[in-house]
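In: Fold the following and give me the result.
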Amino acid sequence: MGRTLALFSMHNRRWIFAGVALLAIILGLMMPKITIDTDPENMLSADQADRIEHNRIKELFDLYDMIVVGVVNRDHPEGIFNPESLGALFELTRFVEDIDGVITRDVMALPTVDNVEQVTPGTISFERMMERAPADQGEADAIRTAVERLPMFHGTLVSEDGRAAGIYVPIVDKNESHRIATTIEDFAAGLDSGDEFHVTGQPVAQDTFGVEMFQQMAVSAPLAGLLIFLIMVYFFRSVPLVIAPMVLAMVTVIATMGLLIGLGYTVHIMSSMIPIFLMPIAVVASVHVLSGFTDRYRLGDDVNEVMGNVMQSLYKPVIFTALTTTVGFASLTLTPIPPVQVFGAFVAVGVLLAMVLTLTFIPAYIAALPQKTIDRMVSRVKAHESEGKGADCKLCDFMSAAGRFAVGRAKPLLLLFVGVLAVAIFGITQIQINDNPTRWFKESHRIRIADSVLNEHFAGTYEAYLVLEQAEGRELEAMLDDRTAPIIEEARAAGFDIENDWRELVEQARADEATATLDNLTFALDDKLFDVGFEEAEWWEALMEAAERVQSEALYFQTPEALEYMVALQDYLAAGGHVGKSNSLADLVRTINRELVSGEPDDYRIPGSPAGVAQAILSFQSSHRPHDLWHFVAPDYSQASIWLQLSSGDNQDMQRVLDGVDEFVADNPLPEGVEMTWGGSTYINLVWQNEMVAGMLFALLSAFAIVLLMMVFLFRSIVFGVLAVLPLTFTIALIYGVMGLIGKDYDMPVAVLSSLSLGLSVDFAIHFIQRMRAHLADHGSWRGALEYVFEEPARAITRNAVVISLGFLPLLAAALVPYITVGIFLASIMAVSAVVTLLMLPAILSTVPRLFFGKNTA
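Out: Sure thing, here's the model as predicted:
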């Protein structure tokens, strides 16, 4: 089959070239339709429960994604509280408010918030904290004094050490955050105050990554391709010959990305890496073909005949290595993460396309080369070999020595592999599952620097929202019936039948909303008290008290009990170091209550009655920012939000917050009828990371099982099937074990690379075993078959490993950490799998030959 297809392709090469060109042009024209998506929220499907709840919370409390701008002064004795720094802050805030895409009324900074002060007991004033820039140090000191009295601002808008001030910038669309951040940075660069200006926040990190990942791809992918090209030229001594796999790789990448974009899929961080993944995979099989051709071709040979024989010996390994790699990536469609599903599916398509092009385009291209070009290539290679300095000459000697070493030191080698595997397994147990979009940048990147500086000074630039809500229970009127029924019975026993009048009042008071019904009812009861006698009035007063209690329960988060529970929870999280700071309705109420009562610290507390809480809330609504109330409580007071500030966006830190809340609730159960839920981008990142890990594990195990069955089918042997998957098992274990030992977090790029490990690590084993068995079938000696494998097949494996390992070194210079990770892992996978295949397999085969070759152990 392989020979027939190769001969067909060579005889019809013009049609092959036309088809390849047409494929690249048609799908390449889809590229301009590209849509970028760097929102980690889209790692979850639109109907995922946590994502739905997160969006509900944002809508309910009118919350938006936030950019954080920091102004830092390390040198002035008064820190940020000097006229020049505060003047710069004032000017920058006013500029930010006018940027398109910023929600102006919700911008939080010293110039936009109120100072709350007592005028007289029971009367407070709300004045702008910084109506204008301070004219002198005295005015700056007054601002400092005012801020330090307001717990909701101290540590949030101004650092506790007084060295930094923040501007919290809510934005309409997180996809505009890079533009807005850049606009702010450009303006801040022109302020001559001697301060540092930093811009950070998860939306900025995500959107900036989207911009820079394409800049990175525009540099790294061509550099990787160029280095791969140069290394192959070194091995094969022919530029025209090496152009073939490069064209194949380019067409595979263009066609795959064009298909993805043309079908309407967005390009996420995962799919942006498709070219990086496809390039080595597309080149791998081609190197085997070119290696086989250059080793077999002799001057004057018929090119078609030689290529036909090469493809006949290689078509099975090429097909099965492509299928195993396809299975590895296609398994990603089993994960619950949509961008990972898209990535896996389209890499799988690209792998199959590369296989088809390897079997058709490569033979056609080589057949199209002039005979003299091929002869010159062979002459150069042979000349170098005869001089003892050719790459192939040295490689031949090295491979022969490696084969002898693997067979001669089989048992010590196997013991070494077992020992290394044990250490690797221990390393795997040390792996920390963690991710943080900000850490996708190098430590020297301005976003990482801003993140580090601002989280050092402030309570935290990462947010999560803990929402407490009154569970839906019985209708309020049913609750009212329960409270009033005993009063009506007692009145009847005393000779006053008031039930019918009561029912009539309830019917008259009924309105569209339950709370309005209770309001109307209390007004009606007030009027009723004037119409009844003194003795009967006693029962109507009791009914009014019952109605007021039910009304108070309806406005649950106006009750002292509810707010005190929130205070206890916030204090627990702060004391345990789980969060940098938290703000809630309870903090707002305590602050206003202090100013209403005395202005002294002792009165920074929750009022003792719902009426006191209501008074504090009503007083706050006289401020310049009354709408801020609804960021903390729902209009019906049935749900309240606690804004948690974290100084780290790592998933592990978010998980510690969740664990801390769970510990508190275990010791202090939620009030009856109250439920708890979560939202915020830091929490959502944790959710998709957890789902990805579970999904990746299932995908990897599923793919491993399928690959094992494929190997058994390919070799028609259980023992050879198991043997084929040993190198990939060892490679994956070793790489992930080292990752655990050196403390490298298990993040999104690392998780996806497990699929690449699965595909590439088994490729070399397939070529090794298939070529050895073919030689064994022809010559009958397993020792001779092993010696043969360490000739041309081993050279092809080594060339592949060197080409890919060195070819992706340019990725190590990338500014984006995921690309560095990909470069390191690609090089490691290729190098380790090649070494393991060439040492482990012959060691096992020579140690127990009867298991694999039966009685034929000659």
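
In: how much space between Pro111 and Met130?
Out: Distance from Pro111 to Met130, counting by C-beta to C-beta, to the nearest Å: 5 Å. In short, each C-beta sits where N, CA and C put it, glycine included.

In: now Glu41
Out: Taking C-beta to C-beta as the measure, Glu41 falls 35 Å from Met130.

In: neighbour count winner among these two?
Out: Met130 (25 against 19; other C-beta atoms under 10 Å).

In: In the helix or strand containing Leu758, which residues are buried?
Out: Leu758 is part of helix 748-779, with elements assigned from DSSP states H and E. Of all the residues in helix 748-779, those buried under the rule 16 or more other C-beta atoms under 10 Å are 748-776.

In: Check stretch 86-97 too.
Out: Leu86, Gly87, Ala88, Leu89, Phe90, Glu91, Leu92, Thr93, Phe95, Val96, Glu97.

In: Of these, just say which sits nearest to Val707.
Out: Lowest distance from Val707 to the buried residues of stretch 86-97 (C-beta to C-beta) belongs to Val96, with 54.3 Å.

In: Return the residues in contact with that closest one.
Out: With contact set as C-beta atoms under 8 Å, 6 or more residues apart in numbering, Val96 has these partners: Val69, Val102, Val107, Ala109, Ile167, Val169, Ile184.

In: what's around the fourth one, how many residues?
Out: In terms of burial, Ala109 registers 25 neighbours under the definition other C-beta under 10 Å.

In: so how far is Ala364 from it?
Out: Note on Ala109: its distance to Ala364, by C-beta to C-beta, is 66 Å.

In: can you check the last one too?
Out: In this structure, Ile184 and Ala364 are 55 Å apart, going by C-beta to C-beta.

In: Ramachandran angles for Phe808?
Out: Main-chain torsions, Phe808, degrees, to the nearest 10: phi -110, psi 10.

In: In helices, which of the buried residues of stretch 86-97 appear?
Out: Using DSSP state H, the members of the buried residues of stretch 86-97 that fall in helices are Leu86, Gly87, Ala88, Leu89, Phe90, Glu91, Leu92, Thr93, Phe95, Val96, Glu97.

In: what's the fourth one in contact with, if anything?
Out: Contacts for Leu89 were tallied using C-beta under 8 Å, 6+ apart; they are Val71, Ile80, Ala109, Leu110, Pro111, Met130, Ala165, Ile167.

In: Mind giving me the packing neighbours of whatever helix or strand the first one lives in?
Out: Here Val71 is covered by strand 65-72, with elements defined by DSSP H and E. With contacts taken as 3 or more C-beta pairs under 8 Å, 6 or more residues apart in numbering; DSSP states H and E, strand 65-72 sits against helix 83-97, strand 164-171, helix 177-189, strand 196-200, helix 202-236, helix 446-457.

In: how about the ones you listed, which one is nearest Ile642?
Out: By C-beta to C-beta (comparing all of those), the closest turns out to be strand 164-171, at 16.6 Å.

In: surely Pro336 meets Gln689?
Out: No. Taking contacts as C-beta atoms under 8 Å, Pro336 lies outside contact range of Gln689: 11.7 Å.

In: wait, doesn't Leu845 sit right on Val789?
Out: No. The pair Leu845 / Val789 is not scored as a contact, 9.7 Å apart, by C-beta under 8 Å.

In: if we can go back for a sec, from the helices and strands packed on strand 65-72, which stretch is densest packed?
Out: strand 164-171 (a mean of 25; mean count of other C-beta atoms under 10 Å).

In: any idea how far it is from the chain center?
Out: Averaged C-alpha coordinates place strand 164-171 at 24 Å from its chain's average position (C-alpha atoms, centre = their mean, to the nearest Å).

In: Now it - C-alpha only, CSV.
Out: In CSV, the C-alpha atoms belonging to strand 164-171 read as follows (Å, rounded to 0.1, in the frame of the first residue of the first chain):
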residue,chain,number,x,y,z
ALA,A,164,0.5,54.2,47.7
ALA,A,165,-2.9,55.2,46.6
GLY,A,166,-5.2,53.3,44.2
ILE,A,167,-7.7,54.0,41.5
TYR,A,168,-10.2,51.2,41.0
VAL,A,169,-11.5,51.5,37.4
PRO,A,170,-14.6,49.4,36.5
ILE,A,171,-14.9,48.8,32.8
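
In: And that strand, what does it pack against?
Out: strand 65-72, helix 83-97, helix 177-189, helix 446-457.

In: Need the overlap of contacts for Pro111 and Met130.
Out: Common neighbours of Pro111 and Met130 (C-beta under 8 Å, 6+ apart) are Leu89, Phe90.

In: remind me which residues of this protein are low pLDDT?
Out: 381-396, 471-477, 510-523, 526-530, 534, 551-554, 755-756, 759, 855-858 (pLDDT under 70).

In: Which residue, neighbours along the chain excluded, lies closest to Leu826?
Out: Spatial nearest neighbour of Leu826, excluding adjacent residues (C-beta to C-beta, 6 or more residues apart in numbering): Phe808 at 4.7 Å.

In: Phe713 too?
Out: Gly721 (7.7 Å).

In: Can you show me the strands along the stretch 501-650 of the chain?
Out: 581-583, 639-646 (DSSP state E, counting those that start in this stretch).

In: what's the distance between the longest one and the middle of its chain?
Out: In terms of C-alpha atoms, centre = their mean, the centre of strand 639-646 is set 23 Å apart from its chain centre.

In: go on, stretch 59-72?
Out: Worked out by C-alpha atoms, centre = their mean, stretch 59-72 lies 20 Å from the chain centre.

In: before we move on, back to that, mind checking the helices and strands packed on strand 164-171 for the one nearest to Ala666?
Out: helix 446-457 (29.3 Å).

In: mind listing the helices for the stretch 201-350 of the chain?
Out: 202-236, 239-262, 274-296, 303-330, 338-368 (DSSP state H, counting those that start in this stretch).

In: Which one, of those helices, ends up nearest to Arg656?
Out: helix 202-236 (18.0 Å).

In: Let me know the angle separating that closest one from strand 196-200.
Out: Helix 202-236 runs at 80 degrees relative to strand 196-200, counting by axes from the mean of the first three to the mean of the last three C-alpha atoms, to 10 degrees.

In: Spatially nearest residue to the residue nearest in space to the middle of the chain, not counting backbone neighbours?
Out: With distances taken as C-alpha atoms, centre = their mean, Pro40 lies nearest the centre of the chain, 5.4 Å away. Nearest non-adjacent residue to Pro40, counting by C-beta to C-beta, 6+ apart: Asn685, 5.5 Å away.

In: which residues touch that neighbour?
Out: Pro40, Gln202, Asp435, Asn436, Pro437, Gly649, Asn651, Met654.

In: residues touching the residue lying closest to Arg409 once chain neighbours are set aside, list them.
Out: Leaving out its chain neighbours, the residue that sits closest to Arg409 by C-beta to C-beta, 6+ apart is Ala843, at 7.6 Å. Applying C-beta under 8 Å, 6+ apart, we find Ala843 in contact with Ala406, Val407, Arg409, Ala410, Lys411, Leu413, Leu414, Phe417.

In: of those residues, closest to Ser379?
Out: So of these, ranked by how close each gets to Ser379 (C-beta to C-beta), first place is Ala406, at 33.1 Å.
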